[in-house]
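Undergrad: The following block contains a protein sequence and its predicted model.
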Amino acid sequence: MIFEYLKLSINIDDDEFNSIYPETIRTLAKRHWTPVDIAKRASAFLVDKPGAKVLDIGSGSGKFCLVGATSTKGNFTGIEQRKTLVDLSNKLSRNHRIQNTNFINANITSIKFKEYDAFYFYNSFHENVDMTAKIDDNIQTSHELYNLYHAHVYDQLSLAPIGTRLATYWSTKREVPSCYQVKFSYKDGLLLFWEKTS
């Protein structure tokens, strides 16, 4: 019923949505997975036309893509380093018959942004510099990787065409080139809606 409600624009709270996940994933939700309300607002901005291709940079449990794909007419791809989370996200997509999602097990540095129309970023690299923010111990973390990942995102966003849309949540903004301008914000500026203007 959760995804049927989303399709009908019926409000779903996070506890209800997170019930689709195993307990180990639910315990990480408050800190690591995008709230339903944020995902709906961000995806509505990013999907400015039917079929728009949205990339979630560090998709974790897949929650943003699952909500976005259900509540818009966009196509959502999540990129995530942890194979267990990618497998879980793809399984949930299949089980709930959500066809406009795709989850890729890869490092962000291997992804060229030119294949996508819009981007979502929820401070995906913060666990490299904050040991209290680690999801698990299954990937390497370091300040060097934090800088490398931000630089890659910055460079790829710089190459995107004018009009490209970006939504950032809890971001330091260091991954956003100066050619992007904030169009509006939500939740006291925690969620920012950007567009490339030059």
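TA: The structure has been received and is ready for your questions. Predicted, not measured: the structure shown is a model, and the values here were computed from it. Residues are numbered from 1 along each chain as shown.
Undergrad: which SS state does Arg31 fall under?
TA: At Arg31, secondary structure determined by DSSP: H, G, I helix; E, B strand; the rest coil is helix.
Undergrad: From Asn95, how far out is the residue lying closest to it once chain neighbours are set aside?
TA: Spatial nearest neighbour of Arg31, chain neighbours left out: Ala133 (6.8 Å); criterion: Cβ to Cβ, 6 or more residues apart in numbering. (Each C-beta comes from the backbone N, C-alpha and C, glycine too.) Distance, Ala133 to Asn95, by Cβ to Cβ, to the nearest Å: 29 Å.
Undergrad: Neighbour count for those two, which is higher?
TA: Ala133 (13 against 9; other Cβ atoms under 10 Å).
Undergrad: tell me the phi and psi of the more buried one?
TA: phi -110, psi 10 (degrees, to the nearest 10).
Undergrad: can you pull the contacts of it?
TA: Arg31, His32, His126, Glu127 (Cβ atoms under 8 Å, 6 or more residues apart in numbering).
Undergrad: Turn those into a markdown table, including pLDDT, distance to Lys183 and neighbour count.
TA: What follows is the contacts of Ala133, written out as a markdown table (pLDDT from 0 to 100; distance: Cβ to Cβ, whole Å; neighbours: other Cβ atoms under 10 Å):
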| residue | pLDDT | distance to Lys183 | neighbour count |
| --- | --- | --- | --- |
| Arg31 | 90 | 27 | 12 |
| His32 | 93 | 26 | 20 |
| His126 | 91 | 24 | 18 |
| Glu127 | 90 | 29 | 20 |
